[in-house]
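3D, please:
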Amino acid sequence: MRKLEESRERKLQRVLCNRCGKDLRVENGILKEGCLSVDYCFGYFSKKDGTKIRFDLCEECYEEITSRFAIPVEISEDTELLGV
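Numbering: from 1, shown residues only. From the prediction side, this is the model:
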């Protein structure tokens, strides 16, 4: 769950893990720790057709949830993290 500043800039103020409630570290509007952010709209042929969802998971909750998957998450290395 994300909380944004109520100003023109809408700077990020706070991020909470929707599963465990952990308050993730935010400094100067920048998230300073790992977080899986999901922003998804269910499409046609779904029982939730047109429903939008949004949630954030801390790394610990992400690890706990995905460790129980029947088919493991695909993992690869991204070498362009900062695009510098």
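
Could you state which residue of this protein sits nearest its centroid?
Most central in the chain under C-alpha atoms, centre = their mean is Ser37, positioned 1.3 Å from the mean C-alpha point.

For the host helix or strand of that one, buried residues please.
Using DSSP states H and E, Ser37 maps to strand 35-41. Residues of strand 35-41 classed as buried by neighbour count (16 or more other C-beta atoms under 10 Å): Cys35. Any C-beta I mention is one placed from the backbone N, CA and C, and that applies to glycine too.

Over to stretch 22-38?
Within stretch 22-38, the residues scored as buried using 16+ other C-beta under 10 Å are 22, 24, 26, 31, 35.

Tell me which residues touch the second one, please.
Counting by C-beta atoms under 8 Å, 6 or more residues apart in numbering, Leu24 makes contact with 15-17, 31-33, 35, 56, 58.

cool, and the third one?
If a contact means C-beta under 8 Å, 6+ apart, then Val26 has 12-15, 32 as its contacts.

What helices and strands are in contact with the one helix or strand in the chain whose mean pLDDT sits lowest?
Least confident helix or strand of the chain, by mean pLDDT, DSSP states H and E, is strand 2-4 with a mean of 77. Taking 3 or more C-beta pairs under 8 Å, 6 or more residues apart in numbering; DSSP states H and E as contact, the helices and strands that strand 2-4 lies on are strand 12-16.

Sort out for me which of the buried residues of stretch 22-38 are in strands.
Those of the buried residues of stretch 22-38 mapping onto strands are 24, 26, 31, 35, per DSSP state E.

On the strand side of things, show who the first one bridges to.
Beta-bridge pairing for Leu24 (DSSP bridges): Val15.

Which of the contacts of Leu24 sits closest to Tyr44?
Asp56 (26.5 Å; C-beta to C-beta).

residues of the helix or strand encompassing Glu63 that come out buried?
Using DSSP H and E, Glu63 sits in helix 59-66. For helix 59-66, a neighbour-count test (16+ other C-beta under 10 Å) marks 61-62 as buried.

tell me what it is packed against?
Identification of packing neighbours for helix 59-66 by 3+ C-beta pairs under 8 Å, 6+ apart yields strand 35-41.
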